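[1] next comes the sequence, and after it the predicted model I'd like to discuss.
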Amino acid sequence: MFAKVTAAHPMKNYRVLLEFEDGTVRLLDVKPWIDGEWYMQLKNVEYFNRVRPHSLSGAIEWPDGQDIAPEDIMEFGKRIYDLESSREPETRFAV
């Protein structure tokens, strides 16, 4: 079972910074997904920025149903650090 995403922060270059219920943080590059027909809408930066965590599945999703499963997030997302161990909360998202 994967930890659920509790916050999704859109970033430049189609990346999303994800916070998990267990305190870990991962950076996910979504660029490989946006060339597919189902994800093409994500190329619109305003739409991409509407990413949010799915409260039940642990995935991230966008308003029209595009989503990325938790297992893909874990496989392709780069682990940044544990939030609880960060001593610089204001700069922790500067990646």
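    Cool, got the structure. Worth saying up front: this structure is predicted, and the values here are computed from it rather than measured.
[2] all strands of this protein, in order?
    Remark: strands assigned in the chain by DSSP state E are 5-11, 15-20, 24-29, 52-53, 60-61, 67-68, 78-82.
[3] determine the set of other helices and strands touching the first one.
    Counting contacts by 3 or more CB pairs under 8 Å, 6 or more residues apart in numbering; DSSP states H and E, strand 5-11 packs against strand 15-20, strand 52-53. Quick note: C-beta positions are derived from backbone N, CA and C, even for glycine.
[4] to Met40, which of the strands of the chain lies closest?
    With CB to CB, the closest approach to Met40 among the strands of the chain belongs to strand 67-68: 14.5 Å.
[5] what pLDDT does the closest residue to Phe48 other than its chain neighbours get?
    Take Phe48 and drop its neighbours on the chain: the residue closest to it by CB to CB, 6 or more residues apart in numbering is Leu42, 4.8 Å away. If you check Leu42, the pLDDT there is 97.
[6] of all the strands of the chain, which one comes closest to Gly36?
    strand 67-68 (11.4 Å).
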